[in-house]
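Novice: model this:
(2 chains)
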Amino acid sequence: MSRIWRIKIITFIAVLMLAMQSGSPSFALTPEERLDDPRLEQRARDLSLQLRCLVCQNQSIDDSDAPFAQDLRRLIRRDIEAGKSDDDIIAFLRQRYGDYVLLNPPLTSSTYLLWIAPFAILGLGIGIVFLSRRKQHHEDEADERKDQ
Amino acid sequence: MTRWMRFLPLAVFIAIVAVAYVMLSASSEGTRDTKAIGFSMTNAPVPDLTLPKFEGNGTIALADYQGKAYAINIFASWCGPCKLEASSIEVMSEALPVIGINYRDNPEDAALFLEQFGNPYQALARDLEGNYSIQLGVHGLPETFIIAPDGMILHHQQGPVFASDLKGKLGQAIERALGS
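Specialist: The predicted structure follows:
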């Protein structure tokens, strides 16, 4: 395969992946579910993307076509039309399904490790590299003094 | 300092594995207890629901049950574990009234299910679109709630009720509900 073709294929895959990632339409959402007001529909979509489908494998209710996800999507749209705020809707669902319903879990006593661990491990790694570099530096200096 | 520095990465790795092991084993203990995965309606007041009757045009209001102990069982004919728990729900219905909520089901299939596996329900409601069950925090069938006379949910079980459950936490909740 020529170099140009290889570049073309890689570019095509990259564009395809970007297109899939940015603002993709939900394939799970049926036309009957959509709200007529685009502003309210966008609010419903934004909320749906934050909520976990509890019967799926790490999918948002916006992405899932499971009946449970559909139930929650309908509930959200009904509540939005009834004039409830996003916070009210989230609070209602958290009361019933706990923080687990949120795809982005809040920082609590049970999730602190989840949030802190990556930074702690990164800090430890940097610390270890720094200390071993310093040790190496001291050894090099000692060797140089010995040579002199 | 130089000697322990050599073992530091290994010590960190062991510490991470140990913490992960402790946290994972803690979360997998008693997975039948819905509190273990962070959500349960246990200790919450039962929502004030008025559901359509399974047959006919009437309604069933949970408020009418205020003052007595009762159970709610969410089931469907398409739910395999619901068949497994049918005999235990029958036994449970001898201790306290059970309200059945038929969830997202075809009425004919549900009627056939009740004919085949028995109808232990004192009142039977239908929830064709899952709207009422969400109010109860239902997400997977079957689910069972034990309600105290003051309207508090004493136990919320996700998954089928087996004979062993009637002697365990669920059975204890029934006793508490009947005793209060």
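Novice: tell me which element B:V19 falls in.
Specialist: Per DSSP states H and E: B:V19 is located in helix B:2-28.
Novice: can you give me the end-to-end distance of stretch B:22-41?
Specialist: Using CA to CA, to the nearest Å, one end of stretch B:22-41 lies 27 Å from the other.
Novice: quick revisit: what's the following helix or strand after the helix holding B:V19?
Specialist: From helix B:2-28, the next helix or strand downstream (DSSP H and E) is strand B:50-52.
Novice: Mind listing what's buried along the longest helix anywhere in chain A?
Specialist: Scanning chain A for the longest helix, with DSSP state H as the assignment, gives helix A:112-147. Neighbour-count burial for helix A:112-147 flags no residue at all (criterion: 16 or more other CB atoms under 10 Å in any protein chain shown). Every C-beta, even on glycine, is put in place using the N, C-alpha and C of the backbone.
Novice: Over to stretch B:59-79?
Specialist: B:60, B:62, B:65, B:69-77, B:79.
Novice: Give me the distance between A:K84 and A:D65.
Specialist: Note on A:K84: its distance to A:D65, by CB to CB, to the nearest Å, is 25 Å.
Novice: typo on my end, it should be B:G58
Specialist: Look at B:G58 and A:D65: by CB to CB, they are 33 Å apart.
Novice: Between these two, tell me which one has more neighbours.
Specialist: Neighbour totals were compared for B:G58 and A:D65, and A:D65 leads with 14 against 10 (other CB atoms under 10 Å in any protein chain shown).
Novice: How far away from the center of its chain is the one helix or strand in chain A whose mean pLDDT sits lowest?
Specialist: Sorting the helices and strands of chain A by mean pLDDT, DSSP states H and E puts helix A:3-21 at the bottom, at a mean of 78. In terms of CA atoms, centre = their mean, to the nearest Å, the gap separating the centre of helix A:3-21 from the centre of its chain is 23 Å.
Novice: Just give the number of residues close to B:P120.
Specialist: 21.
Novice: Sorry, slip of the keys, the one I care about is A:D63.
Specialist: With other CB under 10 Å as criterion, A:D63 counts 18.
Novice: and if you look at B:F145?
Specialist: B:F145 has 25 nearby residues by other CB under 10 Å.
Novice: And what about it, helix, strand or coil?
Specialist: Classification of B:F145 using DSSP: H, G, I helix; E, B strand; the rest coil returns strand.
Novice: How much space separates B:N131 from B:R104?
Specialist: Note on B:N131: its distance to B:R104, by CB to CB, is 10 Å.
Novice: So between these two, which is more surrounded?
Specialist: B:R104 (19 against 14).
Novice: May I ask you to confirm that that one is in contact with B:I134?
Specialist: No: counting by CB atoms under 8 Å, B:R104 sits too far from B:I134 to count as a contact (11.2 Å).
Novice: Provide a list of residues in contact with residue 107.
Specialist: Since you didn't name a chain, this refers to chain A. A:W115 (CB atoms under 8 Å, 6 or more residues apart in numbering or on different chains).
Novice: switch to chain B, that's the one I care about
Specialist: Contacts of B:P107 (CB under 8 Å, 6+ apart): B:54, B:126.
Novice: quick one: it and B:L124, what's the gap?
Specialist: In terms of CB to CB, B:P107 sits 11 Å off from B:L124.
Novice: joint contacts of those two?
Specialist: By CB under 8 Å, 6+ apart, the residues touching both B:P107 and B:L124 are B:F54.
Novice: Okay, A:I126 and chain B: tell me how far apart.
Specialist: 12 Å (CB to the nearest CB, to the nearest Å).
Novice: no, scratch that, I was asking about A:L54
Specialist: When A:L54 is compared with chain B (using CB to the nearest CB), they lie 4 Å apart.
Novice: So what's the residue count around that residue?
Specialist: Using other CB under 10 Å, A:L54 has 21 neighbouring residues.
Novice: Same question for the one 5 residues further on.
Specialist: Counted by other CB under 10 Å, the residues lying close to A:Q59 total 17.
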